[in-house]
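Participant: Everything below, folded, please.
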Amino acid sequence: MGRLFGTDGIRGVANETLTPEMAFAVGRAAGTVLARGGTFVVGRDTRVSGPMLEAALVAALCSVGARVVRVGIMPTPAVAYLVRAVGADAGVVVSASHNPVEDNGIKFLGRTGQKLPDAVEDEIERAIGEDGPRPVGTDVGVATDLVDAEERYLRYLVSHARRADGLRVVVDCGFGAAYRVAPQLWTLLGSEVIALNDDPHGTRINVGCGSTSPEVVASAVRVHGADIGFTHDGDADRVIAVDENGAVVDGDLIMTVCARHLARQGVLQPRRIVATVMTNLGVERALREDGIEVDRAPVGDRYVLERMLQTGAVLGGEQSGHIIFRRLPVHGRPILPETDPPLTSHTPPRTPLVRGEVEAEDSSAWTEGLLTGDGLMTAVQLLNVVVQTGLPLSRLVENVRRYPQVLVNVRVGSKDTAMADARVREAIAQTERAIEGRGRLLVRPSGTEPVVRVMVEHEDEDTARRLASDLAEQIASAVGPARP
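Facilitator: Here you go, the predicted model:
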């Protein structure tokens, strides 16, 4: 049996490979390894299988004596923020992010809000099936609801945002975890909001919408004459933007805009960003002209963060829209203290936010950011640049010459076998020779699917397509899917 944890927690078809029994076993193991008797913040996205798996996890955590704080349907980064804000020991999110409706997943977050390192996940995996603690009486864990979770997260976002009065913003919530908080955010900041797919339809999450279908928000921006558009995935830890003309601005371009802005503010210290091996070569060359280095990490925001912490970088992310800001501006006095008061059993709900609570802006104040990707915070920071410069998004990205990039997925029986096959290695070498320094080749196994991904960048798009297609065919011919 392979490793249970992938690049982004545990994923599987809900009630088939990811069963309530598995969620219960994983929950008991995690409760024992991460914080015996500690506090866990638990959230989920809108999937129909979410309540089933959440119930199993909550029961498991309580069974080992943990205290559970349920926050309901909330973005993954909101759970990460709340873990830190209320002084919890860990967080758990039931979500499969951008995956299809039938899938679901379990993500664990540490006390700082960041994803767990491989070694800790391995420890949890080893503990699955072990007996573990069985407290009784008053030592059994209890579950409570954090009634103002959404408001706390919105206050946090707003405290790092500039006013966006009069701007017309389209946001595609993808029928996911941001279905309420995303439209509320832009309303609070004074924008005219056009919300798409903003219902908690768990059967429609990511179906022809959200960050994997940016053409939906692009079309809406053009139809409504909007100034900007944003589209989120199922758990809203990523965002793809669209400029005022309906052109897609992916994570590469978002990082470029924000890196340049941070550099102008003197905050990009050191002058580097951490991107991934998928980041377009054109972005690297454009930033190099500004004296900004691009450091590449493996695909996966956890690996981006690891590299950021190693190098001291304050900005990093992925082409897919996972962006991590380790430094954030404070525009005026935050509506709440930088850290919410610790959670107590009698924490009262706060008065709901109203428009106009953000006071005079002070761009000289900067504070620590989160250690995870946050789609809504990324959208806020991108629009901050638009507002502060007075330039439309299209102008901010116009001088980035992107290389045509072609990605082909090859389904295989075994990713490890495919990557080790001599015929595959020789086909890769031939393709690299054909590129001859005019682009870039990347062949890597997927972290979540039985797929080998072939990516070719080239100055000429037709050449990129031909090389990618030929290599994919050679890989499929050498080590295609195993027969049933």
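Participant: Which residues does the helix or strand of the chain with the lowest mean pLDDT contact?
Facilitator: Every helix and strand of the chain was ranked by mean pLDDT, DSSP states H and E. The lowest is strand 366-368, at a mean of 86. If you take CB atoms under 8 Å, 6 or more residues apart in numbering as the criterion, strand 366-368 is touched by His160, Val267, Arg326, Arg327, Leu328, Pro329, Val330, Glu338. Backbone N, C-alpha and C define where each C-beta goes, glycine included.
Participant: next SSE after that strand?
Facilitator: helix 375-389 (DSSP states H and E).
Participant: How far does that next one sit from its chain's centre?
Facilitator: In this view, helix 375-389 has its centroid 16 Å away from the chain centroid, taken as CA atoms, centre = their mean, to the nearest Å.
Participant: Which positions in that helix come out as buried?
Facilitator: For helix 375-389, burial by neighbour count (16 or more other CB atoms under 10 Å) applies to 375-388.
Participant: again with stretch 73-92
Facilitator: 73-86, 88-92.
Participant: quick one: which of those residues sit in helices?
Facilitator: Judged by DSSP state H, the subset of the buried residues of stretch 73-92 located in helices is Thr76, Pro77, Ala78, Val79, Ala80, Tyr81, Leu82, Val83, Arg84, Ala85.
Participant: can you put these in TSV and add distance to Asn104 and pLDDT?
Facilitator: Listed next are these as TSV, based on distance: CB to CB, whole Å; pLDDT from 0 to 100:
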residue	distance to Asn104	pLDDT
Thr76	13	97
Pro77	18	97
Ala78	18	98
Val79	15	98
Ala80	19	97
Tyr81	22	96
Leu82	21	97
Val83	20	97
Arg84	25	94
Ala85	26	94
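Participant: any chance of the contacts of strand 366-368 in a markdown table, plus neighbour count?
Facilitator: Below are those laid out as a markdown table (neighbours: other CB atoms under 10 Å):
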| residue | neighbour count |
| --- | --- |
| His160 | 20 |
| Val267 | 16 |
| Arg326 | 17 |
| Arg327 | 15 |
| Leu328 | 23 |
| Pro329 | 25 |
| Val330 | 16 |
| Glu338 | 11 |
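Participant: any idea whether the residue nearest to Gly190 when sequence neighbours are not counted is helix, strand or coil?
Facilitator: Spatial nearest neighbour of Gly190, excluding adjacent residues (CB to CB, 6 or more residues apart in numbering): Asp165 at 3.7 Å. Recorded secondary structure, Asp165: coil (DSSP: H, G, I helix; E, B strand; the rest coil).
Participant: any idea how far Asp165 lies from Gly113?
Facilitator: Counting by CB to CB, to the nearest Å, the gap from Asp165 to Gly113 is 31 Å.
Participant: between the two, who's got more neighbours?
Facilitator: Gly113 (23 against 12; other CB atoms under 10 Å).
Participant: quick one: the more buried one from Leu305, how far?
Facilitator: From Gly113 across to Leu305, the span is 11 Å (CB to CB).
Participant: do Phe5 as well
Facilitator: Applying CB to CB to Phe5 and Leu305 gives a distance of 16 Å.
Participant: Please enumerate the shared neighbours of Gly113 and Leu305.
Facilitator: In contact with both Gly113 and Leu305: Leu371, Thr372, using CB under 8 Å, 6+ apart.
Participant: which stretches of the stretch 1-150 of the chain have low pLDDT?
Facilitator: Confidence mapping of the stretch 1-150 of the chain against pLDDT under 70 gives the ranges 1-2.
Participant: And the strands in it, which stretches?
Facilitator: Counting by DSSP state E, counting those that start in this stretch, the stretch 1-150 of the chain has strands at residues 10-13, 39-44, 67-73, 90-94, 103-109, 143-145.
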